[in-house]
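Colleague: sequence below, structure please.
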Amino acid sequence: MAKPRVSAERGEAVARTGTTLFDSHLHLTAARFVPDLDEVVDRARARGVRLMVTVASDPEDAGEAVALAARTPGLWATAGLHPHAADRTSTSLMDEIERIAEAPEVVAIGETGLDFHYDNADRRAQLENFEAHLGLAARLGLPIIVHSRSAEAETAERVREYGDGAAGVLHCFTGGEALLDAALDADWYVSFSGLLTFVPELAEWARAVPAHRLLIETDAPYLAPAPRRGRRNEPAYLAHTCRRLAEVCGVAFEEAAALTAENARRFYRLAAHGEAPLRSSAAASAGVRHGPWEGAA
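Modeller: Modelled structure (predicted):
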């Protein structure tokens, strides 16, 4: 079967012409993109990344993300407060997030969740912030993007408690059976970042996720994949993660690209935002019928 085209000059994994990649989570409003944002988007498009969601960390960031999405075809935004800033949580702030989420460019709530590794915010505040976002997502009928680090049990508990009310994704998943089980029991999605290209144990977790629940992301400008580790990450590098996912799951690059793009489109409900399907429902249902994805579509 066809393999990804590889640039002889730089060894870049590049999608074939016509293949669409969907970067389901990145931060184009980050300060590190200010000097050359237009070029970053152009490089992504040239490498097949035609659909992206720029994820907000606070209401101010969300406002910038909405404005950027409004002028950038194929880009959508989110609204939320990152757990690192959870000490800011208040009724008025959640009201502001809800107001921003009414914009047509907003396709999800978040990112939110729990980070007990850095503990940049009080843990009780993080829990309250997470629960407020889960409630808001359910009320607005929007999916939710969840960050979880060193908080597997606590995140899993909230997913089980609130998961039926809001569709969600575990962004940048790094493992944990209890959390994965909670997410899949709630019919949530699981997203893998560039970590998949250089953290060997993530291959097993990627194979454990049903095909129709897999997403890929760059989390740019963070977490650059191999062979770009140590540099600023860009959406153009998503093909590296897609290629690694295809390898560990035993499928063609184009199949992994098409599947994860259609999954992201479904998760973010882009049909409601005027985005045409990437492939027909019949093709989507028939497209994943071999290897570890046998019968999973």
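Colleague: could you use CA atoms for every contact and neighbour count after this?
Modeller: Will do.
Colleague: for the chain, which strand is longest?
Modeller: Counting by DSSP state E, the longest strand found in the chain is strand 106-115.
Colleague: helices or strands next to that one in the packing?
Modeller: Judged by 3 or more C-alpha pairs under 8 Å, 6 or more residues apart in numbering; DSSP states H and E, strand 106-115 is in contact with strand 75-79, helix 91-101, helix 123-140, strand 144-149, helix 152-162.
Colleague: which parts of the last one are buried?
Modeller: What it means is helix 152-162. 152, 155-156, 158-160, 162 (16 or more other C-alpha atoms under 10 Å).
Colleague: quick revisit: contact partners of the longest strand of the chain?
Modeller: 55-57, 66, 76-84, 100-101, 123, 126-127, 129-130, 133, 136-137, 142-151, 154-155, 268-270 (C-alpha atoms under 8 Å, 6 or more residues apart in numbering).
Colleague: ok, now stretch 189-203?
Modeller: 168-175, 183, 206, 209, 213-219, 223-226, 238, 240-241, 244-245, 248, 267.
Colleague: cool, and stretch 88-99?
Modeller: Taking C-alpha under 8 Å, 6+ apart as the rule, stretch 88-99 contacts 59, 79-81, 125, 128-129, 132-133, 136.
Colleague: do the same with stretch 132-152
Modeller: Residues from elsewhere that reach stretch 132-152 (C-alpha under 8 Å, 6+ apart): 80, 83, 94, 98, 107-117, 155, 162, 165-173, 176, 178-179, 267-268.
Colleague: one more: stretch 221-235?
Modeller: Contacts of stretch 221-235 (C-alpha under 8 Å, 6+ apart): 23, 26-28, 30, 32-33, 40-41, 44, 49, 193-198, 218-220, 237, 240-241.
Colleague: could you redo the last one with a cut-off of 7 Å?
Modeller: 23, 27, 40, 44, 49, 194-195, 197-198, 218, 220, 240-241 (C-alpha atoms under 7 Å, 6 or more residues apart in numbering).
Colleague: the contacts of stretch 132-152, buried ones only, as a ChimeraX selection?
Modeller: Buried residues within the contacts of stretch 132-152, by 16+ other C-alpha under 10 Å, are selected in ChimeraX with:
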select :80,83,94,98,107,108,109,110,111,112,113,114,115,116,155,162,165,166,167,168,169,170,171,172,173,179,267,268
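Colleague: show me where the protein has its helices.
Modeller: In the chain, the helices defined using DSSP state H lie at 37-46, 59-70, 91-101, 123-140, 152-162, 177-185, 202-208, 238-249, 253-267, 281-286.
Colleague: export those as TSV, with columns for distance to T19 and mean pLDDT.
Modeller: Below are these laid out as TSV (distance: least, C-alpha to C-alpha, whole Å; pLDDT from 0 to 100):
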stretch	distance to T19	mean pLDDT
helix 37-46	11	98
helix 59-70	22	98
helix 91-101	30	98
helix 123-140	31	98
helix 152-162	33	97
helix 177-185	28	97
helix 202-208	22	97
helix 238-249	11	98
helix 253-267	7	98
helix 281-286	15	35
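Colleague: wait, which of the ones you listed is closest to G18?
Modeller: Ranking those by proximity to G18 (C-alpha to C-alpha) places helix 253-267 first, at 9.8 Å.
Colleague: got the angle for that closest one vs strand 106-115?
Modeller: Taking axes from the mean of the first three to the mean of the last three C-alpha atoms, to 10 degrees, helix 253-267 and strand 106-115 form an angle of 100 degrees between their directions.
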